[in-house]
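> need coordinates for the below:
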Amino acid sequence: MTASSAASPAPAASRARTGGPQEDGPKILEHVLGWTFVVVLAMFVTQVGWM
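Numbers count the residues shown, from 1 in each chain. Here you go, the predicted structure:
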């Protein structure tokens, strides 16, 4: 083990990001859109007659 690898890890702010959004948007919008999708999917399934 070298001295540089034994050093403490870098602070979280300077670590490389792995992708994804920079910050989370409003959670309420995500929930509303998710439930809207569920309701529309349920309406589609009942109209088609699956299950």
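> list the buried residues of the one helix or strand Gln47 maps to.
Gln47 is located in helix 27-48, with elements delineated by DSSP states H and E. Buried residues in helix 27-48, counted by 16 or more other CB atoms under 10 Å: none are found. C-betas here are computed from N, CA, C, even on glycine.
> does anything pack onto that helix? Which helices or strands?
For helix 27-48, there is no helix or strand it packs on, judged by 3 or more CB pairs under 8 Å, 6 or more residues apart in numbering; DSSP states H and E.
> what about that helix, average pLDDT?
Helix 27-48 shows a mean pLDDT of 92.
> going forward, begin numbering at 565 instead of 1
Yep, numbering from 565; the last one is helix 591-612 now.
> using CSV, list the CA coordinates for that helix.
Extracted in CSV, the C-alpha atoms of helix 591-612 (Å, rounded to 0.1, in the frame of the first residue of the first chain):
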residue,chain,number,x,y,z
LYS,A,591,-41.2,15.0,-5.1
ILE,A,592,-44.9,15.9,-5.4
LEU,A,593,-44.7,16.2,-9.2
GLU,A,594,-43.0,12.7,-9.4
HIS,A,595,-45.8,11.2,-7.2
VAL,A,596,-48.6,12.9,-9.2
LEU,A,597,-47.2,11.7,-12.5
GLY,A,598,-46.6,8.2,-11.2
TRP,A,599,-50.2,7.9,-9.9
THR,A,600,-51.6,9.4,-13.1
PHE,A,601,-49.7,6.7,-15.1
VAL,A,602,-51.1,4.0,-12.8
VAL,A,603,-54.7,5.2,-13.3
VAL,A,604,-54.4,5.6,-17.0
LEU,A,605,-52.9,2.1,-17.3
ALA,A,606,-55.7,0.7,-15.2
MET,A,607,-58.3,2.4,-17.4
PHE,A,608,-56.6,1.0,-20.5
VAL,A,609,-56.5,-2.5,-19.1
THR,A,610,-60.1,-2.5,-18.2
GLN,A,611,-61.1,-1.2,-21.6
VAL,A,612,-59.1,-3.8,-23.4
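> could you measure from Leu605 over to Lys591?
Taken as CB to CB, to the nearest Å, the spacing of Leu605 relative to Lys591 amounts to 21 Å.
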